[in-house]
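*Asks:* after the sequence you'll find the predicted model.
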Number of protein chains: 2
Amino acid sequence: MERERKKTGSSKREQLIKTALELFAKNGIHATGIDTIVEQSGVTKKTLYAHFRSKEELVLAVLRQYDGLARNEFMRCVESGGKTPRARLLAVFDFAERWFQQSNFYGCLFINTIGEYSDNDTPIRQICKEYKKLVKGYIRELCQQAGATDPQGLAEELALLLEGATVTAQVSQNAKTAKIAKRVAKALIDRTTAKNE
Amino acid sequence: MERERKKTGSSKREQLIKTALELFAKNGIHATGIDTIVEQSGVTKKTLYAHFRSKEELVLAVLRQYDGLARNEFMRCVESGGKTPRARLLAVFDFAERWFQQSNFYGCLFINTIGEYSDNDTPIRQICKEYKKLVKGYIRELCQQAGATDPQGLAEELALLLEGATVTAQVSQNAKTAKIAKRVAKALIDRTTAKNE
DNA sequence: TTTTTTGTATACCGTTCTGTATACTTTATG
DNA sequence: CATAAAGTATACAGAACGGTATACAAAAAA
């Protein structure tokens, strides 16, 4: 018989993932010990290892959950940030600016994680690469809808701008990098799309 | 009396810094243990701690040395890559492309390090920030020489493009991101500078 | 009510971490 | 030559690491 879930779902598991996400994002994965996650989450070590076979499995669960949540919020903000495809492409950078302003902004978790895992074969790195690929694919769709003559090329340019703004904001702790990127993005979009605003 | 230096200088110290740089760049700082550095360098632990009081001091020495070397090579390549300021600004991205193609390219060491150290007060992070500031200052000088109407603004845009290309190349392991950035850079430069090629 | 699940609390294991201590060797200088 | 710096080799200390074991409590399902 199917086990009945409580209202909160598997709350301990969610609590562990949430706590681990915060610590990984702030201090990095290698610098975050299991004991710290256990203390911060208020969950026992035994329970942690009942849900995750190893630290790596916890890392994977954190990345997978954040992948879904982050892409979802990204798309939601972009779509509510503009009606036309062109406006939505620009809304990408408005979203970025709000993201950079958050007090718990420590750069892109996936970029930071890739910096800690150079081996291309590890599943950890694969999740990070996949996230970037999917975001770029979404931007490319918007470019197509905006009538870009070369949607793929424009998407690569815009994605590159977004990465640059994110990293520069992380270093300088200044959200204005989003405005700089947006300014460039506007020029690029207007250069290669049919005006349909 | 002043101690006479051997031809090779303090060779053990240099060997330690060189080995540590390779390991830090590839695997990150927290993931690299002192024992690994000792084994890889062929230097004794005792000798390491005779030169550096702690791992953090070794990290600082590595970052400081790499800061000097990297900026030096960057400027050398840019200046030999073009005669006019405009050509030199574009040569930045030719340099980047060659950098991305190197087999030991694991992204920007300073960016990766900032991802591991979120505390803004640590001297480790300060060195990374200072490096980025100096590179941007150098680009701004080139923008001034190129006759940009807003050298500061253009430098911010170009620096952002360089960061984006670097991170994207690190993720995708594809050096073409430099060409994408160069394409955008060309448009930005021609948009805001008096033509003087 | 009994049983199973899910959790807590805590102690522990073997390994690895940064950093130190001890004893011996090389080497260059005074 | 004598000496002192700088190195090797190796063992060790104390803490933190990832992960396991034992004993027990709460709560829901059978």
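*Replies:* Nice, thanks for sending it over. Numbering: from 1, shown residues only, chains lettered A, B, ... in the order given.

*Asks:* what parts of chain A come near DNA strand C?
*Replies:* A:3, A:10-13, A:42-47, A:50-51 (Cβ under 7 Å from any atom of the strand). C-betas here are computed from N, CA, C, even on glycine.

*Asks:* just the buried ones from the residues you listed?
*Replies:* A:12-13, A:43, A:51 (16 or more other Cβ atoms under 10 Å in any protein chain shown).

*Asks:* ok, residue A:12 touching residue A:43?
*Replies:* Yes: Residue A:12 is within contact range of residue A:43, at 5.3 Å (criterion: Cβ atoms under 8 Å).

*Asks:* the residue of chain A found nearest chain B and DNA strand C: what is the separation?
*Replies:* Of all residues in chain A, residue A:164 sits closest to chain B, at 2.9 Å by Cβ to the nearest Cβ. Look at residue A:164 and DNA strand C: by Cβ to the nearest atom of the strand, to the nearest Å, they are 32 Å apart.

*Asks:* pLDDT (mean, whole number) over stretch A:190-197?
*Replies:* For stretch A:190-197, the mean pLDDT works out to 67.

*Asks:* sorry, slip of the keys, the one I care about is stretch A:61-72.
*Replies:* 97.

*Asks:* check stretch A:153-167 too.
*Replies:* 98.

*Asks:* repeat for stretch A:105-120
*Replies:* For stretch A:105-120, the per-residue pLDDT averages 97.

*Asks:* contacts (any at all) between chain B and it?
*Replies:* Yes: contact of stretch A:105-120 with chain B (Cβ under 8 Å from any Cβ of the partner chain) involves A:106-107, A:110-112, A:114-116, A:118, A:120.

*Asks:* so which of the residues you listed are in helices?
*Replies:* Judged by DSSP state H, the residues of stretch A:105-120 next to chain B include A:110-112, A:114-116 as members of helices.

*Asks:* how about the residues you listed in TSV, adding neighbour count?
*Replies:* Putting those into TSV (neighbours: other Cβ atoms under 10 Å in any protein chain shown) gives the following:
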residue	neighbour count
A:110	22
A:111	23
A:112	26
A:114	24
A:115	27
A:116	22
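
*Asks:* out of the residues you listed, which is nearest to DNA strand C?
*Replies:* residue A:116 (14.0 Å; Cβ to the nearest atom of the strand).

*Asks:* quick one, whichever helix in chain A runs longest and helix A:109-116 angle?
*Replies:* Using DSSP H, we find that the single longest helix of chain A is helix A:55-80. Relative orientation of helix A:55-80 and helix A:109-116, computed by axes from the mean of the first three to the mean of the last three Cα atoms, to 10 degrees: 140 degrees.

*Asks:* off-centre distance for helix A:55-80?
*Replies:* 6 Å (Cα atoms, centre = their mean, to the nearest Å).

*Asks:* sorry, back to before: who are the neighbours in contact with the residue of chain A closest to chain B?
*Replies:* By Cβ atoms under 8 Å, 6 or more residues apart in numbering or on different chains, the residues touching residue A:164 are A:177, A:181, B:159-165, B:167.

*Asks:* just the element for it, please.
*Replies:* Residue A:164 is part of helix A:151-172, with elements assigned from DSSP states H and E.
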